[in-house]
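Chemist: sharing a model prediction with you, sequence too.
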Amino acid sequence: MIERPAALAPSRPALDARIPSGPLSGKWDRRKFEMKLVNPANKRKYTLIVVGTGLAGGAAAASLGELGFNVLSFCIQDSPRRAHSIAAQGGINAAKNYQNDGDSVERLFYDTVKGGDFRSREANVYRLAQLSVNIIDQCAAQGVPFAREYGGALANRSFGGALVSRTFYARGQTGQQLLLGAYQALLRQVAAGQVKLFPRHEMLELVVIDGRARGIVTRDLVSGAVRSHVADAVVLCTGGYGNAFYLSTNARGSNATAIWRAHRKGAFFANPCYTQIHPTCIPRSGEYQSKLTLMSESLRNDGRVWVPKQQGEHRPPDQVPDEERDYYLERMYPTYGNLAPRDIASRAAKVVCDQGRGVGPSGLGVYLDFRDAFERLGRNVLDERYGNLFEMYEQITGEDPHRVPMRIYPAVHYTMGGLWVDYDLQSNIPGLFVGGEANFSDHGANRLGASALMQGLADGYFILPYTVGDYLARGGLAKADTSHPAFRDAEAEVRTRVEKLLGAGGKHPADHFHRELGNLLWNDCGMARTKESLTRALQEIPRVEDAFFKELRVTGSGEELNQELERAGRVADYFELAQLICRDALEREESCGGHFRVEHQTPEGEALRHDDRFAHVAAWEWRGRDEKPVRHEEPLVFESVPLQQRSYK
Amino acid sequence: MRIALEIWRQRGPGQPGQFVRYEVPDVSEHMSFLEMLDVLNARLVEKGEEPVAFDSDCREGICGTCGFLVNGAAHGPLDNTTVCQTHMRHFRDGDVLRLEPFRAAAFPVLRDLVVDRGALDHVITAGGYVSVRTGSAPEANSILVAKPEADRSMEAAACIGCGACVASCPNASAALFTAAKISHLGLLPQGQPERSIRALSMNAQAIEEGFGHCTTIGECVAACPAHIPLEVISRMNRDFIRAVLTRRDERAPAVTVPVPHPHHRVVLVERAQK
């Protein structure tokens, strides 16, 4: 345990999640009824800042604008439509029970709590399952072209090993279509004059006045101008931090700077060590690799995962006879087989590759083989199911999965951790709300497939518009404008940081150091973590960070479009965040979901939780560059789903 | 392999630019096109020179952020593929490739290969949506959509908004982009109430932004990474003409109507607003 000086104990109970009392199924209704409402005539007097335009941010900005608030919407991309939600392939879960196969809000809730390995809040997850139903209605009404049955009703598929078909989808482009729905709703509010867009703007500081979030400082990525923006509340929906690992399935621009800046201003960072490593990504091909591409896990419905039984097998895959192949997922998990959850399938791939049985030039890959499925179902059926994925794979690797098995390897995909929020999605800084992947709220230690889109839209359309309004209606906001010293200080901090990066005076680009940091994190805080590896990482990261500030070169100036400068600023923040990730992983002396501590496993090699000591959220408080962060705990209480060991055998 | 690049360098909007030649002597066939540029940029920084600015984000062909001309072709030589998904195995040792930004009056160059495509957002803002309030949606299965219509709507909705259609059109028309949205929504029951006003407003906005008219050349379709079919433009024209000829929505903007001439030339007829 990290020491917690008594003198620094927070004055208010810092981690009160403010979960409404009463039965689980009535908590959200109760909360909504208790909320104060803003007089409609007064709504136009309030200004809200929403940072990020993905599913959560786009939906929140559109819905808040529609309610009559003035919304300033910021994104780093050239258009709000490009937020990384757009790349989600598989689908979105909802407890509609259209298939009459026994689904219900309770079952979706139960699956999500269990999938998260009992490290999420019951009340939040229950609300998510309830709202899932409204999301589908909302998106269908917007014209999201969901897949349909011949009778015209919405189609579903089963996803990620769920035993019911509750996933709605639009080809393999569900995230794109849901995002375009939110984007169009957002632009409708732009047309109505309710939302003002700030594309190509990066938030570089949060401004806190009298203990409340009152604005942000941004850098215009085209002109370089640093500007202050004042508001009555700030909503961050800026996505996850998987790019701390350098290689991930995230977009190149996805970054942690907005939430990290908020963390440094006092917002607690919860469960940073919970990172999801997705088992089906295309392996990297060389040092120049800039990102990893996900292949939808739906492929595991028909593909069989294997490696050669022998180390150093050099024959082409089709010449390895069946008796010399190890279909290791089928062997280790006979019930779920190739459909084992993401964390389990990823770890198993690492184990066989560590044994020297990995395939491909780097030895870091396993086969995903469709040979048997082609024989059983024929090419037409499989092409209908996966044609676009086969095409995409061939485009990237130059290999045709019809003839040779795909090669896959796990990659960082999603981060369950994020800024700590209460039931209202408000951080411990009043007036700072956090939605989507940027918060930590609903997925516990492992996110189930098709749940991220659900959470983003639930936060954006149906939770934040209520809770932000309640915050405003409760009053107490003093007048503020950008002449306040807090804004001037924040602007000065931004300028100082930009100058520091520009003046570093070395010769390597930021990517050079980012790659090194990523390797470090991947090796020491990736799929398997030990006390030793984490301690080593905590010593090594500051060394690379030092080198970064000494040997970095950022060309050009701050007063122009300067992509090197943008990257350098984000990498600088990753160094601090990476240390918090490792520290959190070191303190959490158990294995749960995506967090696997080698010291804590069952005799069969499965994740072993220690509920007596770790059934809590760990939320970290920033105490300054030279001080250790303080670890706070929010206990997790399981009343509806009894704690149990996950089993996918 | 060794690749020579002639890249358009321009410091800022409205400033003069020029082609500058660079060599990348050790390109791997497994690199993506943008990874080759990453390698070039890293070396430029090591030498203290300014790297080439270009946009990219997802690098999976779905976000629509990347895009420039490679030897005159939007997104490069592969049909229906974004430049981020174009790998170097499609090029040969010794190739000389000329990279320049998407050229269109409505897409001002911001720097090097980066252009401002905000005009496309403005076209959507003019009406590319269904006006439904958050929370007011009916039960999803109360709106039935026949599968063939749903599939065709999805086909049009797949547009990634990259602007390649504009860049490859001799008229710099945004017709394929605009028509994709008009078709996506117009094919669904949810899009019917605003179908006419949408066709009028979005087209008027496209002209306002400085995009040209469509003369059905079809270059856009060859360049489109999302396989948007040309038929969406016919559908848009039908919606547009119908909206003009039938009762006008009182909110409709004044529009310039392209009417096909008997000699297959396009003549513009100004229709006054009532």
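Modeler: Nice, I can see it. Predicted model, so just to flag it, every value in this text is computed and none were measured.
Chemist: would you map the strands across the stretch 51-200 of chain B?
Modeler: Using DSSP state E, counting those that start in this stretch, the strands of the stretch 51-200 of chain B run over residues B:69-70, B:73-74, B:96-100, B:109-111, B:114-115.
Chemist: ok, for A:N97, nearest residue in space, not its chain neighbours?
Modeler: A:D103 (4.2 Å; C-beta to C-beta, 6 or more residues apart in numbering or on different chains). Where you see a C-beta, it was placed from the backbone N, CA and C, and this is true even at glycine.
Chemist: Three-state assignment for the one you found, please.
Modeler: coil (DSSP: H, G, I helix; E, B strand; the rest coil).
Chemist: do the same with A:T496
Modeler: Strictly by three-state DSSP, A:T496 counts as helix.
Chemist: tally of neighbours for A:D103?
Modeler: 22 (other C-beta atoms under 10 Å in any protein chain shown).
Chemist: measure it to chain B for me?
Modeler: A:D103 sits 14 Å away from chain B, going by C-beta to the nearest C-beta, to the nearest Å.
Chemist: so what's that residue up against?
Modeler: A:A95, A:K96, A:N97, A:V164, A:S165, A:R166 (C-beta atoms under 8 Å, 6 or more residues apart in numbering or on different chains).
Chemist: wasn't A:D29 part of a strand?
Modeler: No - using three-state DSSP, the assignment for A:D29 is helix, not a strand.
Chemist: show me where chain B has helices.
Modeler: Remark: helices assigned in chain B by DSSP state H are B:33-46, B:118-125, B:147-157, B:164-168, B:175-186, B:195-208, B:219-223, B:231-245.
Chemist: return the distance of the first one from the chain's centre.
Modeler: It refers to helix B:33-46. 26 Å (C-alpha atoms, centre = their mean, to the nearest Å).
Chemist: same deal with the fifth one?
Modeler: In this view, helix B:175-186 has its centroid 11 Å away from the chain centroid, taken as C-alpha atoms, centre = their mean.
Chemist: again with the last one
Modeler: When distances are taken as C-alpha atoms, centre = their mean, helix B:231-245 is centred 19 Å away from the chain's centroid.
Chemist: can you pull the contacts of A:A155?
Modeler: Contacts of A:A155 by C-beta under 8 Å, 6+ apart are A:F146, A:A147, A:R148, A:E149, A:F168, A:Y169.
Chemist: now it: closest residue in space that isn't a chain neighbour?
Modeler: A:A147 (4.2 Å).
Chemist: how many neighbours does that neighbour have?
Modeler: 19.
Chemist: could you chop chain B up by domain?
Modeler: Domain segmentation of chain B under automatic domain parsing yields B:3-111, B:118-271.
Chemist: and chain A, by the same measure?
Modeler: A:279-410, A:485-635.
Chemist: pick out the shakiest of those domains, pLDDT-wise.
Modeler: Ranked by mean pLDDT, the domains of chain A end with domain A:279-410 at the bottom, a mean of 92.
Chemist: which residues touch the closest residue to A:S591 other than its chain neighbours?
Modeler: Take A:S591 and drop its neighbours on the chain: the residue closest to it by C-beta to C-beta, 6+ apart is A:A607, 3.7 Å away. By C-beta under 8 Å, 6+ apart, the contact set of A:A607 is A:D117, A:D343, A:S591, A:C592, A:G593, A:H595, A:F596, A:H600, A:Q601, A:R646.
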